[in-house]
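K.L.:
Any chance you can model this:
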Amino acid sequence: MSEQAGREAVRAHYEELPYPARDPEDERRRLVQDSLSEFALVDHLFWGGRRLDAGGLRVLDAGCGTGDAAISLAEQLRGRGAEIVALDLSAASLTVAAARARVRGLAGIEFAAGGIEDLPSLGLGEFDYIVLPGVLHHLTSPEQGLRRLAGALVPDGGLGIRVYGRYGRAGVSQLREMLRILAPPGESTAARLSAARRLLGRLRPEHPARAYAGEWERELRENGGPDGSAALADLFLHPLERSYTVPELYARLGDAGLRLTAFDAPAAYEPSSYGVPDAEHLAPAERHALAELLNGRMEHHRLFAQRASASSPPRARADDESAVPAWSRHDPEGERDRLLAAGADLAAGAGGLSRPLRPSALGLEILRRIDGRRPLGAILDGIGAAAGTEARGRARREWERLHRELGGSGDLVLNPSPDPEWRPAPPG
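P.N.:
Next comes the predicted model:
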């Protein structure tokens with residue numbers, strides 16, 4: 001498929017069925033979130049937690065669809081003077097995204113029609129952060145797309161990327177091929193959707209693709225609209241998609257002059273999480289590739305990347321008491337505070353490793369004091385002042401466990417002590 005034909009096919013697909021299906025009125029009751037649009041995590045990875053307070057942020061949601069990432073980031077950056085551009089080929093999708101922003105009263109988003117391929121000619125300037133919540137795997141030339149995106153970053157800026165995982169998407173790929181034969185692209189969308197529903201309903205229980213039924217049913221329920229059609233079409237009838245292994249991701253990033261900064265859930269990409277502790281001698285790329293194979297069910301890869309020439313921000317050690325712990329997940333409804341107040345279990349882990357974490361009484365005292373401003377030492381001192389020196393020492397050991405568990409799942413970060421002299425890199 002030529003670049004122009006692929007672009008037009010993708011545009012037409014989303015003109016007919018904007019995805020994810022969203023009702024703007026739902027913005028009055030919920031905020032849709034994803035790890036790539038958690039700005040506390042982004043700030044930690046690319047700037048050591050210092051960028052938000054510096055102001056002047058410019059963010060691009062490239063291939064914004066109906067606006068999940070742009071809306072979430074704009075809500076988190078509300079009142080901070082950030083500029084957010086939401087870019088998409090589909091006018092129907094942009095219309096939904098703009099309506100969602102109006103319901104929320106978010107005035108700081110610019111909605112622009114176009115594709116990643118158009119970036120050099122659109123005159124949008126450079127960005128501190130570019131999020132690609134699901135567009136790279138729908139490009140005819142993802143290599144060119146990544147190069148264009150790398151060229152639109154400020155020198156110390158970063159990318160947040162979600163792509164399909166090859167091994168975890170094997171069942172979906174089989175079903176897509178079945179439907180290509182049963183209901184080829186020349187048929188009407190309604191006929192193809194009907195064929196997809198019939199096929200899913202008649203798939204033999206022992207068919208390997210059945211192992212993914214829970215995932216596709218959740219996708220239809222959460223992102224498909226009243227009858228699931230938008231998600232059904234995106235999953236099984238999309239005109240252009242590809243999936244990636246970890247080695248392929250490393251290669252594509254390298255070709256574009258980028259380097260991997262981190263996966264959103266680091267522990268999911270470590271062999272030790274799957275009971276294989278003797279891989280520590282391997283290079284990161286090899287460890288991550290091995291972990292992907294050990295997991296076997298990664299449907300998506302969510303990762304962060306930056307220019308290969310960019311300097312890395314300082315990293316804090318878990319025992320650095322001048323460092324500042326911070327929650328990486330935005331919690332607009334206060335659910336985490338309610339769980340901590342009740343002493344309930346927290347979810348830790350991702351990539352098929354999600355499990356409940358029950359903090360000890362001291363652990364709860366630590367977590368309740370984390371506000372993104374208070375240094376670790378001050379948190380431990382507060383516990384020591386309330387319960388004695390011995391309690392401080394035990395809290396220090398409990399902190400190391402919490403940092404390992406919640407840091408590995410991407411839920412908790414540790415930023416270095418603030419540097420009042422730090423400034424973001426100027427545009428290139």
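K.L.:
just checking, what packs against the helix ranked longest in the chain?
P.N.:
For the chain, the longest helix by residue count, based on DSSP state H, is helix 389-408. For helix 389-408, the packing partners by 3 or more CB pairs under 8 Å, 6 or more residues apart in numbering; DSSP states H and E come out as strand 346-348, helix 361-369, helix 376-387, strand 412-415. C-beta: built from backbone N, CA, C; applies to glycine.
K.L.:
Just the angle for that helix relative to helix 361-369, thanks.
P.N.:
Our comparison of helix 389-408 with helix 361-369, counting by axes from the mean of the first three to the mean of the last three CA atoms, to 10 degrees, yields an angle of 70 degrees.
K.L.:
residues of helix 389-408 that come out buried?
P.N.:
Applying a neighbour-count criterion of 16 or more other CB atoms under 10 Å, one finds 391-392, 394-396, 398-399, 402-403, 405-408 buried in helix 389-408.
K.L.:
Pull the distance from it to the chain's centre.
P.N.:
Helix 389-408 has its C-alpha centroid displaced from the chain centroid by 27 Å (CA atoms, centre = their mean, to the nearest Å).
K.L.:
ditto for stretch 111-118
P.N.:
Using CA atoms, centre = their mean, the distance from the centre of stretch 111-118 to the centre of the chain it belongs to is 21 Å.
K.L.:
I'd like the mean pLDDT over the longest helix of the chain, please.
P.N.:
Helix 389-408 carries an average pLDDT of 90.
K.L.:
now the angle from that helix to helix 376-387?
P.N.:
On the basis of the same axes, to 10 degrees, helix 389-408 is oriented at 140 degrees to helix 376-387.
K.L.:
Can you pull the domain assignment for this structure?
P.N.:
With domains defined by automatic domain parsing, the chain comprises 3-167+243-307, 170-236, 324-415.
K.L.:
what's the average pLDDT for stretch 43-55?
P.N.:
pLDDT averaged over stretch 43-55 equals 92, rounded to a whole number.
K.L.:
gap between the two ends of it?
P.N.:
12 Å (CA to CA, to the nearest Å).
K.L.:
before we move on, back to that, which one of the helices and strands packed on helix 389-408 is the most hemmed in?
P.N.:
Among the helices and strands packed on helix 389-408, judged by mean count of other CB atoms under 10 Å, the one packed with the most neighbours on average is strand 412-415 (a mean of 22).
K.L.:
neighbouring strands for that strand, and are they parallel or not?
P.N.:
Looking at strand 412-415 with DSSP bridges, its partner strands are strand 324-327 (antiparallel).
K.L.:
residues in contact with the partner strand?
P.N.:
By CB atoms under 8 Å, 6 or more residues apart in numbering, the list of residues contacting strand 324-327 from outside reads 40, 44, 49, 316, 336, 370-376, 379, 403, 411-418.
K.L.:
And that strand, how far out from the chain middle?
P.N.:
Going by CA atoms, centre = their mean, where strand 324-327 is centred and where its chain is centred differ by 19 Å.
K.L.:
cool, and stretch 304-318?
P.N.:
Taking CA atoms, centre = their mean, one finds the center of stretch 304-318 at 18 Å from the center of the full chain.
K.L.:
what mean pLDDT would you report for that stretch?
P.N.:
According to the model, stretch 304-318 has a mean pLDDT of 93.
K.L.:
buried residues in that stretch?
P.N.:
Neighbour counts over stretch 304-318 (16+ other CB under 10 Å) mark 304, 305, 306, 307, 310, 313, 316, 318 as buried.
K.L.:
what's the closest of these to residue 295?
P.N.:
residue 304 (19.1 Å; CB to CB).
K.L.:
what about that closest one, helix or strand, and which?
P.N.:
Assigning secondary structure by DSSP states H and E places residue 304 in strand 300-307.
K.L.:
And for residue 291?
P.N.:
In this assignment (DSSP H and E), residue 291 forms part of helix 284-295.
K.L.:
which helices and strands does the helix or strand containing residue 200 pack with?
P.N.:
Taking DSSP H and E as the criterion, the element that holds residue 200 is helix 189-202. In terms of contacts (3+ CB pairs under 8 Å, 6+ apart), helix 189-202 is packed against helix 170-182, helix 229-236.
K.L.:
contacts for the helix or strand just after the shortest one?
P.N.:
Sequence-wise, the next helix or strand downstream of helix 229-236 (DSSP H and E) is helix 246-255. With contact meaning CB under 8 Å, 6+ apart, helix 246-255 is reached by 142-143, 146-147, 163, 166, 244, 259-260, 269, 285, 288-289, 291-292, 301, 303, 305, 308.
K.L.:
export helix 246-255 as CSV, just CAs?
P.N.:
Listed next in CSV are the C-alpha coordinates belonging to helix 246-255 (Å, rounded to 0.1, in the frame of the first residue of the first chain):
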residue,chain,number,x,y,z
VAL,A,246,11.1,-5.5,21.7
PRO,A,247,14.2,-5.9,19.4
GLU,A,248,12.2,-4.3,16.6
LEU,A,249,11.4,-1.4,18.8
TYR,A,250,15.0,-0.9,19.7
ALA,A,251,15.9,-1.0,16.0
ARG,A,252,13.3,1.5,15.0
LEU,A,253,14.2,3.9,17.7
GLY,A,254,17.9,3.7,16.8
ASP,A,255,17.1,4.3,13.1
